[in-house]
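Participant: sequence plus predicted model, see below.
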Amino acid sequence: MPRQATGYIEARPWKDGKTISWRLHVSADGRSHKLTLGTNHEGWNEVRAEVAREEILAQIRRGTWTPPEVEAAQRERAASAAAEAEKPQETIHVTLSRWWQGKKREVAPNTRNDYRWRLDLLLAFRPQTPTAEIDEQWVDELRDWLADRPAHNRTAGQKLAPSSVNKPLSVLAQALDLAKDHKVVRYNAARGKRRKYRGAEVQGCLPRARHGH
């Protein structure tokens, strides 16, 4: 059933005695809407206002007319979305730095070096990755990369122990918790037992067979 549509033209003289504003009042679906067309100095008159009225009423009957306040809201949302899209994405470097600014006030001075070591390892792995793009695959690739790092103060060729691999991963999880609170990420991809490093044998390598006699 076509929409019921009615409307009338309003001409409002200004105090200067020279200017007239033309407006339309239309009703659609039981709601009234006021539309400012323009002034006589902008070329508006009764004939032009009548043409505009008929066009709008026809659109209302067809169901294709959008009220001006709805159009304004749509434009505002579109502009906001465009502005958000143009904003530079926060990187994991920024996320970790923000987390550390708050964390270092909570830790004793003699443990800060340990945290700096963890952060330095994390920042050596794709520091410009947008935080919002970090997923489980990214974390697993980080874990494997950490597991291949050489251990300090040990025999040449030794890699980081599982506990040393998991320390940076724990920092990452804490930083992403904060990022989630700030709406930078939807979820924390570093949380979960599968993201932890448990050593080669636990991950699936078979133990060496024992030779019997």
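Facilitator: That came in fine, so what should we check first? What you are looking at is a predicted structure, and each value in this text was computed from that prediction instead of being measured.

Participant: please count neighbours and contacts with C-alpha atoms only from this point.
Facilitator: Will do.

Participant: export only the CA atoms of the helix or strand of the chain with the lowest mean pLDDT, formatted as PDB.
Facilitator: Within the chain, confidence by mean pLDDT, DSSP states H and E is lowest for helix 68-86 among all helices and strands, at a mean of 82. Output in PDB follows, covering the C-alpha atoms of helix 68-86 (Å, rounded to 0.1, in the frame of the first residue of the first chain):
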ATOM      1  CA  PRO A  68      16.800  15.100   6.000                       C
ATOM      2  CA  GLU A  69      17.600  14.300   9.600                       C
ATOM      3  CA  VAL A  70      18.200  10.600   8.600                       C
ATOM      4  CA  GLU A  71      20.400  11.700   5.700                       C
ATOM      5  CA  ALA A  72      22.400  14.000   8.000                       C
ATOM      6  CA  ALA A  73      22.900  11.100  10.400                       C
ATOM      7  CA  GLN A  74      24.000   8.800   7.600                       C
ATOM      8  CA  ARG A  75      26.500  11.400   6.400                       C
ATOM      9  CA  GLU A  76      27.900  11.800   9.900                       C
ATOM     10  CA  ARG A  77      28.400   8.100  10.300                       C
ATOM     11  CA  ALA A  78      30.000   7.800   6.900                       C
ATOM     12  CA  ALA A  79      32.400  10.700   7.700                       C
ATOM     13  CA  SER A  80      33.200   9.200  11.100                       C
ATOM     14  CA  ALA A  81      33.900   5.800   9.500                       C
ATOM     15  CA  ALA A  82      36.100   7.400   6.800                       C
ATOM     16  CA  ALA A  83      38.100   9.400   9.500                       C
ATOM     17  CA  GLU A  84      38.500   6.200  11.500                       C
ATOM     18  CA  ALA A  85      39.800   4.400   8.400                       C
ATOM     19  CA  GLU A  86      42.300   7.100   7.700                       C
END
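
Participant: quick one: contacts of that helix?
Facilitator: Here helix 68-86 makes contact (Cα atoms under 8 Å, 6 or more residues apart in numbering) with residue 35.

Participant: nearest spatial neighbour of the most centrally placed residue in the chain, chain-adjacent residues omitted?
Facilitator: Of all residues in the chain, the one closest to the mean position by Cα atoms, centre = their mean is residue 184, 6.0 Å from it. Leaving aside its sequence neighbours, residue 184 sits nearest to residue 132 (Cα to Cα, 6 or more residues apart in numbering; 6.0 Å).

Participant: gap between the one you found and residue 195?
Facilitator: 18 Å (Cα to Cα, to the nearest Å).
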